[in-house]
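[1] Structure of the sequence below:
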Amino acid sequence: MIRFFSLSFLLLAGSFAITTACKKDFEAEWMSLSANNTQRVFNVVVGSLFNHGATQFTQANRQMPSNQPIEMIIPATVDGVKRELRGCWRYHSMRGVECEKDEDCRKNTAYFEVTQDEWEPLRIRECSYDKFVPAEIVDSDAPEGFYFAWGKDPDSTCNPDYDRISQSYWDFIIGGILAWDGMLTDSGRFTWDLEAELKLGEETMATLVHKMPSLSYQVRYDFALEFIKTTQPSNDILWMDDRKCPFTGNAPITPASMVDYRYDAFKGKEVSAIGTAGPLMTQNVYDIIDNLMIEGGFAYGGAKNNIENRTDPCGESERLGIDRSEFASNLYYDDIVEWRAGIEFGTEEHSESHDDKDDSEHSDSHGEHSSHNDDSLTEDASSAPHALLRLSAFGSVVLALALMVLEF
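    Next comes the predicted model:
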């Protein structure tokens, strides 16, 4: 059985801040879920737990060096629960919803066990959820116990300010699946360079990194695609493109040069990059994720608007008090800079294709891509989401120089 990494006490949706203001009866909830400690309890993954770097940083109480080992979660086929973007935090996070009677809503996901000692910190992390949605594990080798996903009372109201879908949250999840449990260096931190992997190919990449992801790229790609396909549409909710000003609690690893909060979100500190949620974000990685959103069917029909007219929320990020000054020290990004400085992107083209599908109908399908300039790249990934990205010789030099001064 393939196993996924997770936290020792596993704090699920990486976008929620721990707060001591959580007014829950932790013991009573635990006794109910565990049938007075007579059955094991398992939490079914619904979202950002797939991002290893983010969950590792959470377990470290958002403090560097954040390089402690983390345990495993287990992939499985789950029935009885659907996943939708109606969690209502600073945006709509994922939540579990019970399936209708006789409805077949099986999907691939993962689960992890929760012990009594782990329940309180997990519940504090997930305090905004108010429902435990039962789930059935179809796999015959799954241990017996009570399986649940975090849910919300369908009659609960959402603050209108939070009534939107975050693209950075999608990047957080899908990027996490694509990066998986890879480690570029021996620092102990989960960092990954998807762009380099696709350019170099998995065989060459394996000779250059500390640890390859335990899943092949094709398996990761297919898993991400299936995740999108099996997420329920939320076509009454606006979709925002917050990539320049991520609304997520943590954030995808994004160079500061690509961030535009339109106020001093760094609080006067020198910040090279925000976030610990791998992989490193570049325009080509955005394009790969966008094409997954297209192929998975969410781009046109998953939200109130579509991928071509996602709204720009960056002007209001200050009102929400988004503070990125904690990333003045970002060892996750430093790992990537160190690793890139130690390798050379040659001009030889590596041709490894993940399938032979012609995705040319998606080329330039959303106009904002044509307006972005990424001098380190010579190929627009939106025209072929499975194709390997190639760096020009000129672009390689530009990238190497930029990395040396942490400004790329």
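
[2] per the record, what domains does the chain have?
    The chain breaks down by automatic domain parsing into domains covering 1-159, 163-408.

[3] mind putting those in JSON lines, mean pLDDT and mean neighbour count included?
    Glycine gets a C-beta too; all of them are placed from N, C-alpha and C. As requested, these are arranged in JSON lines below (pLDDT from 0 to 100; neighbours: other C-beta atoms under 10 Å):
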{"stretch": "domain 1-159", "mean pLDDT": "81", "mean neighbour count": "18"}
{"stretch": "domain 163-408", "mean pLDDT": "81", "mean neighbour count": "19"}
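
[4] Shouldn't W339 be within a helix?
    Yes: assignment of W339 by DSSP: H, G, I helix; E, B strand; the rest coil places it within a helix.

[5] Can you tell me the closest non-neighbouring residue to it?
    Nearest residue to W339, sequence neighbours excluded (C-beta to C-beta, 6 or more residues apart in numbering): L184, at 4.2 Å.

[6] just checking, that neighbour touches F190?
    No: with contact defined as C-beta atoms under 8 Å, L184 does not reach F190; the gap is 9.2 Å.

[7] Show me the strands in the stretch 51-200 of the chain, by range?
    Ranges of strands in the stretch 51-200 of the chain, per DSSP state E, counting those that start in this stretch, are 72-79, 81-85, 94-98, 107-114, 131-137, 146-151, 164-166.

[8] ok, now which ones touch L85?
    Under the criterion of C-beta atoms under 8 Å, 6 or more residues apart in numbering, the neighbours of L85 are H92, S93, M94, R95, I165, T231, Q232, S234, I237.

[9] tell me which of these is nearest to D323?
    Closest to D323 out of these is S93 (19.3 Å), distances taken as C-beta to C-beta.

[10] so who does the closest residue in space to the closest one that isn't next to it in sequence touch?
    Nearest residue to S93 in three dimensions, chain neighbours excluded: G87, at 3.3 Å (C-beta to C-beta, 6+ apart). Residues near G87 by C-beta under 8 Å, 6+ apart: A13, S93, M94, R95, S128, Y129, W150, K152.

[11] Next: E136.
    When contacts are counted by C-beta under 8 Å, 6+ apart, E136 is found next to V78, D79, G80, Y147.

[12] Now distance to Y111 too, for those residues, in a markdown table please.
    Shown next, in a markdown table, are the contacts of E136 (distance: C-beta to C-beta, whole Å):
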| residue | distance to Y111 |
| --- | --- |
| V78 | 7 |
| D79 | 12 |
| G80 | 13 |
| Y147 | 6 |
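
[13] May I ask which two of those residues are separated the most?
    D79 and Y147 (10.1 Å).

[14] which ones are touching V138?
    V138 makes contact with A76, T77, V78, D79, R106, according to C-beta under 8 Å, 6+ apart.

[15] quick one: the first one and D141, what's the gap?
    Computed as C-beta to C-beta, to the nearest Å, the A76 to D141 distance reads 9 Å.

[16] From what I see, K24 and Y129 are in contact.
    No: in this structure K24 lies outside contact range of Y129 using C-beta under 8 Å: 10.0 Å.

[17] for the chain, what spans make up the helices?
    All helices of the chain, identified by DSSP state H, fall at 26-33, 52-59, 116-125, 167-179, 194-200, 202-206, 217-229, 283-295, 331-341, 393-404.

[18] could you redo those helices as a markdown table and give each row distance to K267?
    Output for the helices of the chain, formatted as a markdown table (distance: least, C-beta to C-beta, whole Å):
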| stretch | distance to K267 |
| --- | --- |
| helix 26-33 | 34 |
| helix 52-59 | 19 |
| helix 116-125 | 25 |
| helix 167-179 | 20 |
| helix 194-200 | 30 |
| helix 202-206 | 37 |
| helix 217-229 | 34 |
| helix 283-295 | 27 |
| helix 331-341 | 18 |
| helix 393-404 | 25 |
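
[19] Great, nothing more from me.
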